[in-house]
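Just need the structure, nothing else, for what follows:
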Amino acid sequence: MFVISNLLAAIAQILDLVLWAYLWCIIIRALISWVNPDPRNPIVQFLSRATEPVLAPIRRRLPTWRTGIDLSPLVVILAIYFAQGFLVATLRDFARSMR
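Model prediction:
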């Protein structure tokens with residue numbers, strides 16, 4: 001049983017790391033959007049391709065308010081925090097309980 005426990009603990013750790021990396025991609029993309037980035041820059045292209053599939057559906061559902069502020073990165077950041085607090089923690093606790 002300890003093998004499955006270790007596997008779940010490793011999956012939880014990798015998932016946590018992936019969520020943190022994606023969180024930083026969202027934050028960097030939001031910060032870069034405040035300036036006028038060069039769309040041909042490879043870093044800007046990567047950030048756009050990595051984050052747009054998640055941000056676009058949220059952006060369509062959220063109102064832009066009257067100021068034109070895009071709140072979709074904030075919603076994604078909150079969802080990532082929720083996934084880390086619930087999903088990753090649940091996997092870790094389940095792995096501990098199996099030992």
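
Stretch 71-79: which residues count as buried?
Burial within stretch 71-79, assessed by neighbour count using 16 or more other Cβ atoms under 10 Å, is assigned to 72, 73, 75, 76. Glycine gets a C-beta too; all of them are placed from N, C-alpha and C.

For those, which two are the farthest from each other?
Maximum pairwise distance in these, criterion Cβ to Cβ, is 7.3 Å, between 73 and 75.

just the helices in the protein please.
2-32, 42-61, 72-83, 89-97 (DSSP state H).

and of the buried residues of stretch 71-79, the nearest to residue 50?
So of the buried residues of stretch 71-79, ranked by how close each gets to residue 50 (Cβ to Cβ), first place is residue 76, at 11.7 Å.

per-residue confidence for that closest one?
On pLDDT, residue 76 comes in at 96.

before we move on, the earlier item: would CSV of the buried residues of stretch 71-79 with distance to residue 37 be doable?
Listed next are the buried residues of stretch 71-79 as CSV, based on distance: Cβ to Cβ, whole Å:
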residue, distance to residue 37
72, 17
73, 15
75, 22
76, 19
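
Go through these and name the one nearest residue 10.
For the buried residues of stretch 71-79, the closest approach to residue 10 (Cβ to Cβ) belongs to residue 76, at 25.3 Å.

For that closest one, give its distance to residue 34.
17 Å (Cβ to Cβ, to the nearest Å).

Residue 67 too?
Residue 67 is 14 Å from residue 34, where distance means Cβ to Cβ.
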